[in-house]
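> Below is the structure, and that's it, no one-letter string:
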C-alpha cells in the first residue's frame, strides 16, 4: 500500500476494551494522534445523521466530532446498536433493523482504510471457510469433522488412530469454551450436538504452539511452550509458560500470506501448532483476536506496528 498519513483514526469497539486503550496510548505516543472511539451500543441514545447533497456527504454522530475526517478504521469489536425496548416485539425488531442499517451504512460508507473490511471479516470469521481456505493455501491441517449428526461424530472418533479433540464452531462472544479431548463420558452425550454443530479434530501431539499476529504482510510470531504447563491441549489456558519471539519457515509464511490475502484480511491473530512430526498445523485465525498479552510477554511492538499501519499504511517498525 502506498505511503499515506491518516487525518484521523476511528476505533469501533466496546467501551471497556483494553486493546483499544493500548492502541490509543500508542497512537498518542508515536504519532501525536488521539483516535476517535465508538461503542455502537451508544446509538440511538446519541443522535446521528447522514446528509448528501451536490457538494458531497456529511456524517455525524452526537459525541464524535470530525467523523468525515476519518481515513482509517480499526473494526476491533463492534456491537450492534442498542435500541430501548418498546411495547410491541414487531416494533422493536423494526427499530433495531433501522438503527443497525443506518449505523453500519454510516460507518461503512467512510472512504477509509479498514482493519478489517467488515464484509471480508464476516466471511473470514466462519471456521469452515478458514479451514478450506487454509487447505488450499498449502497449510497442513488436522483431519476434521464438523457435524450435528451424533452417529457420524461417534464413527469419526472411533475411526481415528489417536485422540480426538472437540471445540466450538462459531465465533460469537459466548462464554469462553476450551478445546478438550473427547473422553468416554463425552461419547455418551453426543445427542446434544444436534442443536449445536461441533468441531472434532485429530489431536496433534505438539512440540509447541505458535500465535501469529498478522498486520498487512508483517508477521509477528510468538512461540508458546504450551507442553510444559496445563495448556497442552489448549494453549490459551496457561500464560505462565515461556513465550518468546519466533520466525516461521519460508514455506509456512507463504501459506500464511496466501491465506490472509484470499480471506481479504489486513489483520488477524492465528493459532498454529508445531507437531512432533515437524509439521505446522493451521488451527484458526481470529480477525478480532487478543494479542496484548503477547506484547507484554515478549516485548514485540505489536501495537506500534498496528498504529503505523493505520496512520501510514506501513506496518513495519523501524529497527525490528
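Arrived safely, thanks for sending. Everything quoted here is computed from the prediction, not taken from an experiment.

> Point out the other helices and strands that the longest helix along the chain packs with.
What stands out as the longest helix in the chain, according to DSSP state H, is helix 89-108. Identification of packing neighbours for helix 89-108 by 3 or more C-beta pairs under 8 Å, 6 or more residues apart in numbering; DSSP states H and E yields strand 48-52. (Glycine included, C-beta is placed from N, CA and C.)

> Now do the strand it packs on: which elements does it pack against?
Against strand 48-52 (3+ C-beta pairs under 8 Å, 6+ apart) you get strand 57-61, helix 89-108.

> Need the winner for burial among the ones you listed.
Ranked by mean neighbour count, the helices and strands packed on strand 48-52 are led by strand 57-61 with a mean of 16 (mean count of other C-beta atoms under 10 Å).

> packing partners for that one?
Counting contacts by 3+ C-beta pairs under 8 Å, 6+ apart, strand 57-61 packs against strand 48-52.

> still on that earlier bit, any chance of a markdown table for the helices and strands packed on strand 48-52, columns mean pLDDT and distance to residue 319?
Shown next, in a markdown table, are the helices and strands packed on strand 48-52 (pLDDT from 0 to 100; distance: least, C-beta to C-beta, whole Å):
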| stretch | mean pLDDT | distance to residue 319 |
| --- | --- | --- |
| strand 57-61 | 94 | 38 |
| helix 89-108 | 95 | 35 |
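
> Just send the ones you listed back as a markdown table, with distance to residue 241 too.
Below are the helices and strands packed on strand 48-52 laid out as a markdown table (distance: least, C-beta to C-beta, whole Å):
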| stretch | distance to residue 241 |
| --- | --- |
| strand 57-61 | 44 |
| helix 89-108 | 39 |
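
> Of those, which is nearest residue 76?
Closest approach to residue 76 among those (C-beta to C-beta): helix 89-108, 12.5 Å.

> after the longest helix of the chain comes which helix or strand?
Sequence order places strand 113-115 as the next helix or strand after helix 89-108, per DSSP states H and E.
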